[in-house]
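K.L.:
this one's structure only:
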């Protein structure tokens with residue numbers, strides 16, 4: 001009876017998620033097409049870079065060679081690197097300013113501090129493009145972002161296409177995007193309201209609105225800086241921001257091992273839960289009910305020849321797997337990953353628990369040799 005109740009609860013939850021949760025699973029949000037502005041606004045791209053010498057030759061030239069009709073410059077902040085990042089950047093031809101950072105001041109996270117250093121060096125452009133050192137932009141990337149922003153949006157962000165070259169990347173990465181969209185449905189972000197989020201690898205923001213909001217100082221300690229920035233801008237500006245998926249803006253960051261992907265998620269998962277043990281317990285229980293109960297009920301009902309747990313469990317599992325198919329299609333992966341989503345979700349539950357354990361041990365938010373304040 002307990003299993004029947006849990007399987008029924010899971011089925012109701014999946015019916016809500018699929019039918020009424022902002023269509024999070026459809027992944028239809030693509031950069032809006034728009035006409036050219038009368039006058040192309042000025043844009044400065046700010047690239048925080050810490051120990052990125054190996055990847056910059058593959059990404060920085062593409063950013064510097066943008067096909068953009070207006071004034072476009074790049075400011076790269078060498079964030080106390082030890083691998084010659086600054087030298088590699090300076091050797092790259094183009095309209096580039098390299099600024100040397102010396103690490104975050106007290107109370108700041110490293111990336112936000114580096115972004116702020118870049119903003120100070122950018123001057124007064126119409127737009128700031130915050131983009132990570134591992135992001136490779138196609139030639140028309142900035143042009144398309146500005147077109148979308150000039151239709152009245154204060155922030156436009158693209159979730160870059162992440163690598164899925166290895167088995168672990170194929171297992172973990174699409175689910176990462178899927179769970180992010182489940183937490184922050186893109187359709188709700190893209191209309192006026194309280195929901196706000198961005199993808200930190202590619203964020204175009206109106207400089208004037210950011211300044212009106214108080215600047216990056218307002219989010220200086222944010223570990224999940226992209227979501228914090230989106231909230232800041234949405235509340236301070238017109239209330240119109242936009243987030244969607246891209247198949248052309250791509251991250252070249254490699255995560256060949258499970259340990260690499262595990263660390264990527266675990267560094268900030270507990271931050272998302274506001275460091276609350278109650279939210280941690282609720283999240284783990286919710287993941288278990290949503291993702292583990294349907295297949296368990298299906299198998300148990302089949303073995304025990306009990307129709308109710310079999311029916312409820314199988315229906316929930318099919319809804320779950322079906323909602324994952326558009327994400328798999330976007331990444332051109334086999335649909336056979338869809339029924340394995342419960343196993344992947346349990347891995348994410350483990351990453352979340354480990355994130356809390358790291359925080360309790362004073363190692364929360366560790367990234368590239370730094371621990372978040």
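P.N.:
Looks like it arrived, so ask away. Computed from a prediction, not measured in an experiment: that's the story for all the values here. Numbering: from 1, shown residues only.
K.L.:
Pick out the residue nearest the middle of the chain.
P.N.:
What sits nearest the mean C-alpha location of the chain, by Cα atoms, centre = their mean, is residue 199, with 4.1 Å.
K.L.:
does the residue nearest to that residue when sequence neighbours are not counted sit in a helix, a strand or a coil?
P.N.:
Spatially, and ignoring its direct neighbours in sequence, residue 199 is nearest to residue 159 (3.9 Å; Cβ to Cβ, 6 or more residues apart in numbering). C-betas here are computed from N, CA, C, even on glycine. Secondary structure, DSSP: H, G, I helix; E, B strand; the rest coil: residue 159 is strand.
K.L.:
Likewise for residue 47?
P.N.:
Per three-state DSSP, residue 47 ends up strand.
K.L.:
May I have the secondary structure class of the closest residue to it other than its chain neighbours?
P.N.:
Spatially, and ignoring its direct neighbours in sequence, residue 47 is nearest to residue 76 (4.5 Å; Cβ to Cβ, 6+ apart). The three-state label given to residue 76 by three-state DSSP is strand.
K.L.:
correct me, but residue 76 touches residue 100?
P.N.:
No. The pair residue 76 / residue 100 is not scored as a contact, 10.0 Å apart, by Cβ atoms under 8 Å.
K.L.:
if you count what's nearby, which of the two comes out ahead?
P.N.:
With neighbours defined as other Cβ atoms under 10 Å, residue 76 and residue 100 compare such that residue 76 has more, 29 against 12.
K.L.:
if I look at that one, how far off is residue 360?
P.N.:
Between residue 76 and residue 360 the distance is 36 Å, computed by Cβ to Cβ, to the nearest Å.
K.L.:
Surely the residue nearest to residue 199 and residue 248 touch.
P.N.:
No. Counting by Cβ under 8 Å, residue 159 sits too far from residue 248 to count as a contact (11.9 Å).
K.L.:
Can you pick out the residue with more neighbours from the two?
P.N.:
Between residue 159 and residue 248, counted using other Cβ under 10 Å, the more crowded position is residue 159 (25 against 15).
K.L.:
what about the more buried one, distance to residue 35?
P.N.:
Distance, residue 159 to residue 35, using Cβ to Cβ: 24 Å.
K.L.:
Residue 221 now?
P.N.:
From residue 221 to residue 35 the distance is 40 Å (Cβ to Cβ).
K.L.:
Looking at the two, which is more packed in?
P.N.:
Each of residue 221 and residue 35 has its neighbours counted (other Cβ under 10 Å); residue 221 has more, 16 against 8.
K.L.:
For the chain, list the residue farthest from the centre, please.
P.N.:
The chain, Cα atoms, centre = their mean, max distance from centroid: residue 305 (43.0 Å).
K.L.:
roughly how far is the strand ranked longest in the chain from the heart of the chain?
P.N.:
Looking across the chain with DSSP state E, the single longest strand is strand 241-251. Chain-centre distance of strand 241-251: 10 Å, with Cα atoms, centre = their mean, to the nearest Å.
K.L.:
what does stretch 280-300 give?
P.N.:
Per Cα atoms, centre = their mean, the centroid offset for stretch 280-300 relative to its chain is 25 Å.
K.L.:
And stretch 202-213, by the same measure?
P.N.:
18 Å.
K.L.:
picking up where we left off before, I figured the residue nearest to the centre of the chain was touching residue 156, is that so?
P.N.:
No. If you go by Cβ under 8 Å, residue 199 and residue 156 don't touch, sitting 10.6 Å apart.
K.L.:
With that, I have no additional questions.
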